[in-house]
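Peer 1: Only the shape, not the letters, is given here:
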DNA sequence: TAGATTGTTAATCGATTAACAATC
DNA sequence: TAGATTGTTAATCGATTAACAATC
């Protein structure tokens, strides 16, 4: 898992996440059965990713396979979990208790990957103090202090575009280094802050563009 | 807008969507003021996309600018709307009336880009017949016929991973050609079907990978 | 040994960007 | 005319993939 981590394309990380998800499911269903290894060819068939690409992606991080045999499934799952940091607990907050925020809180993937949702933040006084899925909604004014106090590492931005930059700034001021942004704007933050954008508009426009071609 | 549309990278389309969003907002705030044109340099500053890239992306579709001057804002907005197919009405359905489905129905971006949400589908009998945001929830059994009857063009998949492929198949059988998929699986469909995936897990794993590096 | 499959090199492909002539 | 900025060519950069020696 160590090896030379310089210059690993971020698309490789995205693909590792796909391999991980598939192999995890596979190792569940294969528990007790005798499928112990898997080839890059087989991974390719399921994920639709070229088998050379699969081998290359994995080779960035170590020699996990055996020539002539393939990759030992359980070990590969374990290694991928380590590489992706999914063997640790991560503390997160969600900002924005609207429909999207609610949907996110109920999202099972957080628990699955050991994410602890420590709090929800909103500026709507009718929501503050209430709970969603047993997690308290706090005043967004108290967010920065909360982040510092609880050592929150990941912030999820589910607020409207016009307040997103402002809240992102406060997240960073509090010490957050990773942001998942659902607001449709380009956040301007220090380069060391990792930002991942989920942008519905872009995806929708992508669909209509292609529909419109015909 | 015509020109040679062969081999336009899909990342270009994504960027056009970003330009469009920014310029649309700009043309709103500049209404009545006298900023009539904008340079690729200025677009670059706001969007973070290299100015040569901006010019190249636009040049795929026509010569919208004037040398020495820049691009006329209002015209460019109009052209982008045409290119992205946002000058038409598109009929869509949402499958899955869970939290995510609800969040999507309330999403303002649909109305903004002329999307008509014609129906919601679910298999939970306690939900069928009810309404969300004034849109009726139907039995997923009736989906295929509904798509055919209403000429639905876009399907949004907000269901669990294990039923996603099955429902996607039925969407295609009904005549849908574009799918926005929120389920964390790789849908296997005919190549002519345009699929856009929104995958939370991949985004989250991307964050923890980078957090874990330090 | 023969067949399978990895890990890696080298070739290919495609996208980004620098540079600049054209021109407003 | 001088300055600004486009549209486009050519160079660069980076990612994907074909090919194959190594080896189980």
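Peer 2: Received the coordinates, thanks. The structure displayed is predicted, hence computed values, not measured ones.

Peer 1: for chain A, which helix is longest?
Peer 2: helix A:10-29 (DSSP state H).

Peer 1: Can you measure across stretch A:185-193, start residue to end residue?
Peer 2: Chord length of stretch A:185-193, first to last residue, is 16 Å (CA to CA, to the nearest Å).

Peer 1: just stretch A:43-58 next, same as before
Peer 2: This stretch, stretch A:43-58, spans 12 Å end to end (CA to CA).

Peer 1: which parts of that stretch are buried?
Peer 2: Neighbour counts over stretch A:43-58 (16 or more other CB atoms under 10 Å in any protein chain shown) mark A:43-44, A:46-47, A:49, A:53-55, A:57-58 as buried. The C-beta positions use only the backbone N, C-alpha and C, and glycine is treated the same way.

Peer 1: can you tell me which of those residues are in helices?
Peer 2: Of the positions in those, A:43-44, A:46-47, A:53-55, A:57-58 sit in helices, assigned by DSSP H.

Peer 1: Spit out the contact partners of the nearest residue to residue A:15 once chain neighbours are set aside.
Peer 2: Using CB to CB, 6 or more residues apart in numbering or on different chains and skipping residues adjacent in sequence, the residue nearest residue A:15 is residue A:57, 5.3 Å away. Residue A:57 sits next to A:12, A:15-16, A:19 when contact means CB atoms under 8 Å, 6 or more residues apart in numbering or on different chains.

Peer 1: surely residue A:203 meets residue B:196?
Peer 2: Yes: judged on CB atoms under 8 Å, residue A:203 makes contact with residue B:196 at a distance of 4.5 Å.

Peer 1: Give me the common contacts of these two.
Peer 2: Taking CB under 8 Å, 6+ apart as the contact rule, residue A:203 and residue B:196 both touch residue B:180.

Peer 1: that older thread, any figure for the gap between the residue nearest to residue A:15 and DNA strand C?
Peer 2: Residue A:57 is 9 Å from DNA strand C, where distance means CB to the nearest atom of the strand, to the nearest Å.

Peer 1: What is the neighbour count of the closest residue to residue A:192 other than its chain neighbours?
Peer 2: Leaving aside its sequence neighbours, residue A:192 sits nearest to residue A:177 (CB to CB, 6+ apart; 7.1 Å). When neighbours are counted by other CB atoms under 10 Å in any protein chain shown, residue A:177 registers 19.

Peer 1: hmm, whatever helix or strand residue A:201 lives in in reach of DNA strand C?
Peer 2: Per DSSP states H and E, residue A:201 falls inside helix A:200-212. No: if you take CB under 7 Å from any atom of the strand as the test, helix A:200-212 misses DNA strand C, and the best it gets is 13.6 Å.

Peer 1: Say whether chain B is contacted by that helix.
Peer 2: Yes: counting by CB under 8 Å from any CB of the partner chain, chain B has neighbours in helix A:200-212: A:200-212.

Peer 1: ok, and the helix or strand in chain A with the lowest average confidence?
Peer 2: When the helices and strands of chain A are compared on mean pLDDT, DSSP states H and E, helix A:108-112 comes out lowest with a mean of 84.

Peer 1: on contacts alone, who are the packing partners of it?
Peer 2: Applying 3 or more CB pairs under 8 Å, 6 or more residues apart in numbering or on different chains; DSSP states H and E, one finds that helix A:108-112 makes contact with helix B:200-212.

Peer 1: near DNA strand D at all, the helix it packs on?
Peer 2: No: using CB under 7 Å from any atom of the strand, helix B:200-212 stays clear of DNA strand D, with a minimum separation of 13.6 Å.

Peer 1: Show me what the top strand by length along chain A pairs with in its sheet, parallel or antiparallel.
Peer 2: When chain A is parsed with DSSP state E, its longest strand is strand A:115-122. Partner strands for strand A:115-122, per DSSP bridges, with pairing direction: strand A:90-95 (parallel), strand A:135-139 (parallel).

Peer 1: quick one, phi psi at the spatially most central residue of chain A?
Peer 2: What sits nearest the mean C-alpha location of chain A, by CA atoms, centre = their mean, is residue A:180, with 7.9 Å. When read as degrees, to the nearest 10, the backbone of residue A:180 gives phi -100, psi 110.

Peer 1: Tell me what the residue nearest to it when sequence neighbours are not counted is bridged to.
Peer 2: The spatially closest residue to residue A:180, leaving aside those adjacent along the chain, is residue A:156, at 4.8 Å (CB to CB, 6+ apart). Counting by DSSP bridges, residue A:156 is bridged to residue A:94, residue A:180.

Peer 1: residues contacting residue A:156?
Peer 2: Residues counted as contacts of residue A:156 (CB under 8 Å, 6+ apart) are A:92-95, A:104, A:179-180, A:182.

Peer 1: Ok, residue A:100 next?
Peer 2: Residue A:100 neighbours (CB under 8 Å, 6+ apart): A:158, A:182, B:103, B:107.

Peer 1: Show me which of those is closest to DNA strand D.
Peer 2: Nearest to DNA strand D among the contacts of residue A:100 is residue A:182, at 24.8 Å by CB to the nearest atom of the strand.

Peer 1: quick check: domain ranges of chain A?
Peer 2: Using automatic domain parsing, the domain parsing of chain A gives A:5-83, A:90-202.

Peer 1: Highest mean neighbour count out of these?
Peer 2: domain A:90-202 (a mean of 18; mean count of other CB atoms under 10 Å in any protein chain shown).

Peer 1: Relative to the whole chain's centre, how far out is that domain?
Peer 2: Distance of domain A:90-202 from the chain centroid (CA atoms, centre = their mean, to the nearest Å) equals 13 Å.

Peer 1: How about the residues of chain A by DNA strand D?
Peer 2: Residues of chain A found near DNA strand D (CB under 7 Å from any atom of the strand) are A:7, A:9, A:11-12, A:50, A:52-53, A:56, A:66-69.
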